[in-house]
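> sequence unknown, structure follows:
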């Protein structure tokens, strides 16, 4: 398993980690298989979406904010209950195929760490399966 | 990796791809392992849900439409920002076990391509892990 | 593939299955790889979230109830259409890495069966990939 660190800078932010995942994959030296991109946190997640227009990431954050309002009454008293819910909605991991040593992603797809309770120092774990 | 094409016919539509996935799996000839069903698009996704009553798929589409209204103000200006958000909510892939050469699905489970910005010609990518 | 049973007690409930998954993994005897935690039902799902404060699970249930109201008009006439939608939102499976024979989970992460149409007898299927 490989791990790398992502520093987030806002309360909510989508960080494009596609190239970091790609670099780590190169060091695995696996030509065929799949890679699990795993977020070991409970107020952040992983999603795959369009990376060319940063507005897509901002729209996703804003839509989730409306779906799960931070300011309602929550039982979890640490002030980040909404972040936990958002993490379960986008999910904790993504699974990407590996072909000829490279990630098999669609033309417009990038892999994002979804920060919902930052800024923080986050980790991403990568596990390859051949 | 195997790929097959799915033609969608509406703006939003759930297409049951269970048998297409099963046919492709047969051609892999793998008896034990798992299969990644991956959508290489950013305005469509993959989900597993009930296939016997088509009303379930229609309810899912309508519920998502209410959760992520298409007509609000979005920063992404291609007119399909809602589709990007819905794709992240249902997710880009499903992972299904393989037992005795067959998909290990529950009695009522089918695999669906979720079209959120159709009609389009979509691809589904399958990667098996043994 | 290993299977174990989970008895749920409420209409909606998050059941922490982390230790059950861990016990099953020990019996596989796999030291390196990944494990698919799969829910073979269409009105329940699997999520990974914080396990130390049970309020997080209750908040997730309540938030989903507001996002997908049970009492609206649905086309699916079995009275559990909302449960189907919630299952697609949290997802049908989780994928967890295995390191030195143990699940690679973050400090605060637990694995939950999400019951949305209980009480019922549910199954969880585990498939390891090495």
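Received the coordinates, thanks. Remember, predicted model here, so these are calculated numbers, not experimental data.
> Give me the residues contacting the longest helix anywhere in chain A.
Scanning chain A for the helix with the most residues, using DSSP state H, yields helix A:54-67. Identification of contacts with helix A:54-67 by Cβ atoms under 8 Å, 6 or more residues apart in numbering or on different chains yields A:12-14, A:16, A:47, A:49-50, A:82, A:86, A:89-90, A:112, A:114, A:116, B:42, B:67-68, B:74-77, B:81-82, B:84-85, B:88, C:67. The way it works is simple: take the backbone N, C-alpha and C, and place the C-beta from them, glycine included.
> among these, which are in helices?
A:82, A:86, A:89, A:90, B:67, B:81, B:82, B:84, B:85, B:88, C:67.
> The third one and chain B, how far apart?
From residue A:89 over to chain B the distance is 6 Å, taken as Cβ to the nearest Cβ, to the nearest Å.
> Go ahead and confirm that residue touches residue B:89.
Yes. Counting by Cβ atoms under 8 Å, residue B:89 is a contact partner of residue A:89 at 6.0 Å.
> Check chain A for the residue nearest chain C and tell me.
Per Cβ to the nearest Cβ, residue A:40 is where chain A lies closest to chain C, at 2.9 Å.
> For chain B, what is the nearest residue in chain A?
Nearest residue of chain A to chain B, counting by Cβ to the nearest Cβ: residue A:106, 2.9 Å away.
> Can you say which helix or strand has that residue in it?
Assigned by DSSP states H and E, residue A:106 belongs to neither a helix nor a strand.
> Could you check the pLDDT of it?
At residue A:106, the pLDDT value in this model is 98.
> Just to check, it is in contact with residue B:41?
Yes. Using Cβ under 8 Å, residue A:106 is in contact with residue B:41, at 5.6 Å.
> Compare those two (neighbour count), which wins?
residue B:41 (24 against 17; other Cβ atoms under 10 Å in any protein chain shown).
> what residues are up against that one?
Shown in contact with residue B:41 (Cβ under 8 Å, 6+ apart): A:106, A:108, A:109, B:87, B:120, B:122, B:123.
> Can you pick out the most distant pair from these?
A:109 and B:120 (15.3 Å; Cβ to Cβ).
> Of the two, which one has the most company?
Looking at residue A:109 and residue B:120 with other Cβ under 10 Å, you find the greater number of neighbours at residue A:109, namely 24 against 14.
> for the closest residue to the more buried one other than its chain neighbours, which residues make a bridge with it?
In this structure, residue A:109 finds its nearest non-sequential neighbour in residue A:48, 5.3 Å apart by Cβ to Cβ, 6 or more residues apart in numbering or on different chains. Beta-bridge pairing for residue A:48 (DSSP bridges): residue A:111.
> isn't residue A:48 right up against residue B:92?
Yes. Counting by Cβ under 8 Å, residue A:48 touches residue B:92, with 4.4 Å between them.
> What strands line up against the strand ranked longest in chain A, and which way round?
With secondary structure taken from DSSP state E, chain A has its longest strand at strand A:121-129. Strand pairing for strand A:121-129, determined by DSSP bridges: strand A:2-7 (antiparallel), strand A:33-38 (antiparallel).
> quick one: buried residues of that strand?
Neighbour counts over strand A:121-129 (16 or more other Cβ atoms under 10 Å in any protein chain shown) mark A:122, A:124, A:125, A:126, A:127, A:128, A:129 as buried.
> Just the residues contacting that strand, thanks.
So strand A:121-129 is in contact with A:1-8, A:17, A:20-21, A:24-25, A:28, A:30, A:33-41, A:44, A:46, A:98, A:113, A:115, B:129, C:33-34, C:97, C:104, C:106, C:129, going by Cβ under 8 Å, 6+ apart.
> coming back round to it: rounded to a whole number, what's the mean pLDDT of the longest helix of chain A?
97.
> just how off-centre is that helix within its chain?
For helix A:54-67, the separation from the chain centroid amounts to 14 Å (computed by Cα atoms, centre = their mean, to the nearest Å).
> can you check stretch A:117-129 too?
The answer for stretch A:117-129 is 8 Å, by Cα atoms, centre = their mean.
> Residue A:4 contacts residue A:24, correct?
Yes. Using Cβ under 8 Å, residue A:4 is in contact with residue A:24, at 6.2 Å.
> so what's residue A:87 closest to, chain neighbours aside?
By the measure of Cβ to Cβ, 6+ apart, the closest residue to residue A:87 outside its immediate chain neighbours is residue A:45, 4.4 Å from it.
> so what's the one you found up against?
A:39, A:86, A:87, A:88, A:89, A:90, A:91, A:92, A:113, A:114, A:116.
> Make a markdown table from the residues you listed and add pLDDT to it.
Formatted as a markdown table, the contacts of residue A:45 follow (pLDDT from 0 to 100):
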| residue | pLDDT |
| --- | --- |
| A:39 | 98 |
| A:86 | 98 |
| A:87 | 98 |
| A:88 | 98 |
| A:89 | 98 |
| A:90 | 98 |
| A:91 | 98 |
| A:92 | 98 |
| A:113 | 98 |
| A:114 | 98 |
| A:116 | 98 |
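> Any quick PyMOL command for the buried ones out of the residues you listed?
In PyMOL syntax, the buried subset of the contacts of residue A:45 is picked out as below (16+ other Cβ under 10 Å):
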select buried, chain A and resi 39+86+87+88+89+90+91+92+113+114+116
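> buried set for stretch A:67-81?
By 16+ other Cβ under 10 Å, the buried positions in stretch A:67-81 come out as A:67, A:68, A:70, A:74, A:76, A:80, A:81.
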